[in-house]
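[1] Okay, sequence plus prediction incoming.
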Number of protein chains: 2
Amino acid sequence: MPTALPHVVIVGAGFGGLNAAVALRHAPCRVTVIDKLNHHLFQPLLYQVATAGLSPGDIAAPIRHILRNARNTEVLMAEVTGVDVERKCVLLAEGRSIPYDHLIIATGARHSYFGHNEWAAHAPGLKSISDATHIRRNLLCAYEAAEAESDPAKRTALLTFVIVGGGPTGVEMAGSIAELAHRALARDFRHFDPADTHIILAEAGPRILSAFDESLSRAARKKLEALGVDVRTSTRVEAMTNTTVRMNGAEVPTHTVMWAAGVQASPAGSWLGVSTDRAGRVPVNRCLEVEGKPHIYVLGDTALALDEQGQPFPGLAPVAMQQGKYIGTRLQKMIAGTPATEPFRYIDKGTLATVGRTFAVAKIGGLRLKGTLAWLVWVFVHILYLIGFRNRFVVMFDWIWAYATYERAVRLIVEEKS
Amino acid sequence: MPTALPHVVIVGAGFGGLNAAVALRHAPCRVTVIDKLNHHLFQPLLYQVATAGLSPGDIAAPIRHILRNARNTEVLMAEVTGVDVERKCVLLAEGRSIPYDHLIIATGARHSYFGHNEWAAHAPGLKSISDATHIRRNLLCAYEAAEAESDPAKRTALLTFVIVGGGPTGVEMAGSIAELAHRALARDFRHFDPADTHIILAEAGPRILSAFDESLSRAARKKLEALGVDVRTSTRVEAMTNTTVRMNGAEVPTHTVMWAAGVQASPAGSWLGVSTDRAGRVPVNRCLEVEGKPHIYVLGDTALALDEQGQPFPGLAPVAMQQGKYIGTRLQKMIAGTPATEPFRYIDKGTLATVGRTFAVAKIGGLRLKGTLAWLVWVFVHILYLIGFRNRFVVMFDWIWAYATYERAVRLIVEEKS
């Protein structure tokens, strides 16, 4: 390729970055996709890896393999440490720098512990495969330790799991752990009944799934409670140690806490030297451009983008996907010399959250669904958006298998190498 | 269960320990299976995890789930640190001890670096899932680093992989990496051709697969060479650093070395205070009893057991399986008061090694097979012995998928948590 072609650098190969790269695959430019890991991850199913239902490989695909036929595109596994806006370079950890003509930043978000970073050691969040296998290990090891424990109070603490945050991730985790305890593990222990697992879902706000209508929130809560989950709304976590969590003034003995409460955008704001909102998001205009930083676009969970009503877009996969596609298409036009002034418009195809097997809540346009039909929609959508036929097939097979047998396929505690 | 029943403790849930537990599941005794991890691992397919073909979960199953219907059996995840032979107790890492009436030790083997333990850091072996994902990460990261490297000599070093040991594991690894390089990765890189990967299989002896007949060794070598593997027999590794391996006096620049050369039995000998052979194996009589230590049985890779001709049994999965079944059946008889004096007899059903896709060598009784038919036998046997229908199905599906597409399903680099 002649180097005279403009160079588009995309940082991050999540839903946003990958869709931007795909949209640019036939554009007259060179594209470099940089990610610190080698795989694109289908995050909406990560909770199933954490709860031993799916293998990590089933929901991940190598970025360079997805883009292998995009002959104008290179993939680079590297850690980005900053951006030199003056010299138009992306700075990498090993001291290299990559010059760009257009820069797309789609580096997503991490958990936020609301100023309590010391909680990270006790309450892992769920953003990467290593987060998910970490949670899987914590859960499975708690059951192993409970089997070996003879003191009833200590065993009760080992069988108490606290999930902080009642958004979709927290709700899906809670439902999935409840099914694990009541079904998959039912006959596996000799010194306790796994059905005695105490699963607490703690939400600071007045209701779970606050992005959904109240009727759907209520239905999800009812379903969770039917599964045996102790749903506690208006419940704030105040302190945390290895063996206890304090919520609303009361100490709950537990060894296993999962964090699904808050997110903090990746540090793109400090890379660019712009001020961000409290969640660390970089403000962009309606074309996803950073004001005063020409040729720099930020999208997905890293961006504070506003819709026509001046409301920020929610931090959802479909928003990032559509923004990635939008910015790729827009750059292709700009590079070809076609004017491209249309702002980004989000088409809300709906929001879904699943609660255990066969139950979900869905908000699709004006439609409100709950129950098995919503769950079938959920299954269909998730299989549809998974990348790669092989992964689709294996995930579908594992779901049918789990549905028929109540078993979990991937109950694996892997040694941690020091 | 009344505690008056004799208590059989099985340490290790590999092929030997698991088969012993299964044989004892209806015996009038209590059984405790202790393993430091929670899963039984189908080690013969571990090289496919290391080369990104299968997910760890596909070849592992939770021990307690396999034994969930053995109502006389408990499973304990714990690290054994020793045996108190006088008090008839197994000692655990956390200070607990488990009394036994009969003790079966089936703790397998680890790699041996022939007195060069410092090589372990450079040349991981292949015994556990974390070993396999470690090798997978090394392989995939070498390709990622090669894509980012502009110095041709450094890139050549990054694309040089050395496998030490020409037994079945080394041969299967070499063949699988060759297929990965030539097929699965073919279109994924922009700055080099993955087919230029230099795979060196170094064997100290005069031929690879020395457990097979010479004609099969030759056929396997020819097939490996056709796949592009640089097979070097009578080649001894003398030194190793991060960036180089010295073999027969010559330095080979490489960043990726895999160890498939020697094994060392687990430390059961020191637990029992008996002297072992050079490979650390505990000598046992023909009934797998440790002389002078009543009620203690050692089997599989941990035991030095001799056949009728006074030859030691080879360190193979079928030997461990049959020994486990033998000892379980024998204990069942002894506990029931039936005399049981029959020594262990190994029924050699054959030995197989696969070389890339569609080719294997097999020694089955007097029969010598090589090529596609041997490979079909290999596929059949491995699917047959995998535990669990779900794993059988998913592995078979992944194999058919890989066969049809040449793709690798699980090319995953997972962050290492510090």
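    Structure's in. What do you need?

[2] contact partners of stretch A:324-331?
    Stretch A:324-331 is contacted from outside by A:8, A:15-24, A:27, A:29, A:102, A:104, A:106, A:287-288, A:297, A:299-300, A:340, A:342, A:344, using CB atoms under 8 Å, 6 or more residues apart in numbering or on different chains. Where you see a C-beta, it was placed from the backbone N, CA and C, and this is true even at glycine.

[3] Which of those fall within strands?
    In strands, defined here by DSSP state E, the members of these are A:8, A:102, A:104, A:297.

[4] Point out where chain A drops to low pLDDT.
    For chain A, the stretches with pLDDT under 70 are A:1-3, A:389-390, A:406, A:409, A:415-418.

[5] Show me how it divides into domains.
    The record's domain parsing of chain A by automatic domain parsing lists A:7-108+A:266-335, A:114-262.

[6] so how far is the longest one off the chain centroid?
    Computed by CA atoms, centre = their mean, to the nearest Å, the separation of domain A:7-108+A:266-335 from the middle of its chain amounts to 15 Å.

[7] So what would you say the end-to-end distance of it is?
    Separation of the first and last residues of domain A:7-108+A:266-335 by CA to CA, to the nearest Å is 10 Å.

[8] ok, A:Arg246 to A:Ile177 distance?
    Distance, A:Arg246 to A:Ile177, by CB to CB, to the nearest Å: 21 Å.

[9] which parts of stretch A:274-282 are buried?
    Neighbour-count burial for stretch A:274-282, counted by 16 or more other CB atoms under 10 Å in any protein chain shown, picks out A:274, A:276, A:279-282.

[10] Identify, from the residues you listed, the entry nearest to chain B.
    Taking CB to the nearest CB as the measure, chain B lies nearest A:Gly280 of these, at 20.7 Å.

[11] rewinding a little: the ones in strands among the contacts of stretch A:324-331 also near chain B: which ones?
    Among the ones in strands among the contacts of stretch A:324-331, not one lies near chain B by CB under 8 Å from any CB of the partner chain.

[12] buried stuff in stretch A:376-389?
    A:377-379, A:381-382, A:386-388.

[13] Chain B: which of those residues is nearest?
    Of all the buried residues of stretch A:376-389, A:Gly388 has the smallest distance to chain B: 8.4 Å, by CB to the nearest CB.

[14] Which residues are in contact with the closest residue to that closest one other than its chain neighbours?
    Excluding the flanking residues, the one nearest A:Gly388 by CB to CB, 6 or more residues apart in numbering or on different chains is A:Ala61, at 5.2 Å. Taking CB under 8 Å, 6+ apart, we find A:Ala61 in contact with A:39-40, A:387-388, A:391.

[15] Run through the bridge partners of A:Ala61.
    Listed beta-bridge partners, A:Ala61: A:His40 (assigned using DSSP bridges).

[16] The residue nearest the centre of chain A and chain B, how far apart?
    In chain A, the centroid-proximal residue (CA atoms, centre = their mean) is A:Gln43; its distance is 4.2 Å. According to CB to the nearest CB, to the nearest Å, A:Gln43 stands 15 Å off from chain B.
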